[in-house]
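# coords below, sequence missing:
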DNA sequence: ACGCGAAGTGGACACTGACAACATTCAGGG
DNA sequence: CCCTGAATGTTGTCAGTGTCCACTTCGCGT
């Protein structure tokens, strides 16, 4: 056999797993199926991952990165000039992109938030800016403060308020009572929710 | 055997399943374990439920009911007299109770929102008041309008904005980046988020 | 009294995650 | 250049799960 050693199995497994995750969510990431699709025997994965959970965690990281990228891409489309309006607009687009990604890639989104261990391993009490979607939101909110659209006192806790709102909205659409809502209505309702947020912060 | 026929297996199974759900979440509701704990053979459940999912759905309904009850209980403790302040306070307690239930009973909470089919079977586009937690929130918001604390225009979509915020907050605490946050900080941050909501609506 | 249909049982199958023992390949020092 | 040890994959196996099937047991109406 020329390829008894696959060469770089680990990344290959992760990629396959990501594909599974995208189309079938966390429960779709089945170790044996991942091995099958990668053209390797079951158990091969155990040389690179202690657990199925460890593989899932890797995929979750990818999901987070994709989510962040989607948000960044969307942010780049904001062309407003006036600083405050611009910052406010960017905040809104952040939220929109978040929800849109969740609805467009439900599998990845769920996996991204299904990790058992998560990044809590570091033991950070208050999760400081870590560069992920949370970090991006943090930046955008800082911009808003700099532009004078948000007073420093109200800046405290604004991160969580914003994230909770969009995260909750996404989840209510995915697995909650907003499942059956037609997409058009969904956008409208999201806009209203974002309006509330906007007003609550200003 | 005196009890070959259990008599009322279905409710018994649901109760056992609810226990499992409470301590181990959706994945903890294992058909065979449910049967075991109910003192009946595996497969017995198939006389009463087509699927494992059907049993889970029943448990989910219980979870929703418990959540609603927890919210109602909390609402009853508000003793403010002034109508507007009272309505506003009731709204806040609704949110607090929601999050508190989610954190106190994570298993049940997850099961409640993990149902595949959900109540979307009816095909209602916009989920009207159905009596569950959503219905309760609806009532409270109506109270707030009646008390003059919320203009009718802003009433539209307020339900979703509120629910999304608390739901998202709960999920971020359960499986998101707020996992490691100590309880005290959690309450504080939640209060800030509720402040944002309050200001956004008024 | 009896038999018929509902309720529960036992056995099977395909599937999964995990473990252990084995086979193969690669790298590097004699 | 070969030989050995450590990575890396493989086969075999086990316990556990959801679901289907045929079978048994029981309660109830005629």
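Structure received. None of these values were measured; they are calculated from a predicted model.
# my guess is residue A:106 meets residue A:23, correct?
No. Using C-beta atoms under 8 Å, residue A:106 is not in contact with residue A:23; the gap is 9.8 Å. Every C-beta, even on glycine, is put in place using the N, C-alpha and C of the backbone.
# Point out where chain A drops to low pLDDT.
A:1-2, A:4, A:117-129 (pLDDT under 70).
# just to revisit the earlier point, more neighbours, residue A:106 and residue A:23?
residue A:106 (17 against 11; other C-beta atoms under 10 Å in any protein chain shown).
# Return the residues in contact with that one.
Contacts here follow C-beta atoms under 8 Å, 6 or more residues apart in numbering or on different chains; on that basis residue A:106 touches A:25, A:174.
# Residues of chain A that sit close to DNA strand D?
Where chain A comes near DNA strand D, counting by C-beta under 7 Å from any atom of the strand, the residues are A:4-7, A:9, A:35, A:40-44, A:46-48.
# Would you mind giving these as TSV with secondary structure and distance to residue B:97 added?
Shown next, in TSV, are the residues of chain A next to DNA strand D (DSSP: H, G, I helix; E, B strand; the rest coil; distance: C-beta to C-beta, whole Å):
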residue	secondary structure	distance to residue B:97
A:4	coil	59
A:5	coil	57
A:6	coil	53
A:7	coil	55
A:9	helix	49
A:35	helix	46
A:40	coil	50
A:41	coil	51
A:42	coil	47
A:43	coil	48
A:44	helix	49
A:46	helix	45
A:47	helix	48
A:48	coil	45
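# ok, which stretches of chain A are helices?
If DSSP state H is used as the criterion, the helices of chain A fall at A:9-28, A:31-37, A:52-75, A:83-104, A:106-112, A:133-146, A:152-155, A:158-175, A:183-201.
# Quick check: residues of chain A near DNA strand C?
Residues of chain A lying close to DNA strand C by C-beta under 7 Å from any atom of the strand are A:1, A:4-5, A:29-33, A:42-43, A:46, A:51-53.
# By neighbours, which of those residues wins?
Busiest of these [other C-beta under 10 Å] is residue A:29, holding 23 neighbours.
# tell me the contacts of it?
Residue A:29 makes contact with A:17, A:20-21, A:52, A:55-56, A:59, A:111, according to C-beta under 8 Å, 6+ apart.
# burial of residue A:150, as a residue count?
Applying other C-beta under 10 Å, I find that residue A:150 has 21 neighbouring residues.
# is it true that it touches residue A:144?
Yes. The criterion here is C-beta under 8 Å, and residue A:150 meets it with residue A:144 at 4.5 Å.
# residues shared between the contacts of these two?
Common neighbours of residue A:150 and residue A:144 (C-beta under 8 Å, 6+ apart) are residue A:201.
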